[in-house]
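Trainee: sharing a model prediction with you, sequence too.
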Amino acid sequence: MKLTSKLLATAALLTASATAMAHPGHTEGGFTSGLLHPMLGLDHLLAMAAIGFWSVRQSKLMKNATPAFVVGGMILGAALAWGGLSLPGVETGITFSVLLAGILIATLAKLPTAVGGSLVGAFMVFHGFAHGTEMPEGATLVAYLTGFSIATLLITFVGRGLGALMLKADSRFSRGVGGVLAVAGAYLSVA
């Protein structure tokens, strides 16, 4: 099976798994729950895949650092939640991340690493906070954290793979993907 086919099949499976928009109520154990949580929320799935997709057109440093910014932001956000701190506007921050990532893709925007990394990290703090607050009761913190970190990286790398495929195609395809993501983010913000 070609790499293209594998990436598209993985993306289709991840999209199909994102049937639930609400995140509370996961009953699996720590690792499984952490692994599934990012894939069960369309907003999380789209944001992480979009960031991976967008990172392909960035500088080599930004492209290589994006997974660290994504996971680092997620862990920081979860730590804030587990520390009992409040983060206002979590759902707004999550949906805004989808909207802005779509705009960044549609405009083929290239950002300096400091700006892009800060933006990605900030978006992921909101996602991580949501994951942290929704950790199932009785789940082991390390197992849950490991699960959602692996899932986050997987989704980001699938997005990056799709972005790499689009580099070979006409940029209108990437712009179209970005436009669809921006519309999805706008829809999620009012839904």
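Mentor: Received the coordinates, thanks.
Trainee: low-confidence ranges, the chain, go.
Mentor: Applying pLDDT under 70 to the chain flags residues 1-29.
Trainee: and the helices in it?
Mentor: For the chain, the helices defined by DSSP state H cover 3-16, 30-36, 42-55, 60-82, 90-106, 113-133, 141-167, 171-190.
Trainee: the fourth one relative to helix 141-167, how many degrees between them?
Mentor: Just to be clear, that refers to helix 60-82. On the basis of axes from the mean of the first three to the mean of the last three Cα atoms, to 10 degrees, helix 60-82 is oriented at 150 degrees to helix 141-167.
Trainee: could you export the helices of the chain to JSON lines, including columns for mean neighbour count?
Mentor: Backbone N, C-alpha and C define where each C-beta goes, glycine included. JSON lines is the format used below for those (neighbours: other Cβ atoms under 10 Å):
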{"stretch": "helix 3-16", "mean neighbour count": "13"}
{"stretch": "helix 30-36", "mean neighbour count": "20"}
{"stretch": "helix 42-55", "mean neighbour count": "28"}
{"stretch": "helix 60-82", "mean neighbour count": "20"}
{"stretch": "helix 90-106", "mean neighbour count": "21"}
{"stretch": "helix 113-133", "mean neighbour count": "22"}
{"stretch": "helix 141-167", "mean neighbour count": "21"}
{"stretch": "helix 171-190", "mean neighbour count": "17"}
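Trainee: and the residue lying closest to residue 188 once chain neighbours are set aside, how far from residue 139?
Mentor: The shortest distance from residue 188 to any non-neighbouring residue, by Cβ to Cβ, 6 or more residues apart in numbering, is to residue 95 (4.2 Å). From residue 95 across to residue 139, the span is 26 Å (Cβ to Cβ, to the nearest Å).
Trainee: how about residue 62?
Mentor: Residue 62 is 33 Å from residue 139, by Cβ to Cβ.
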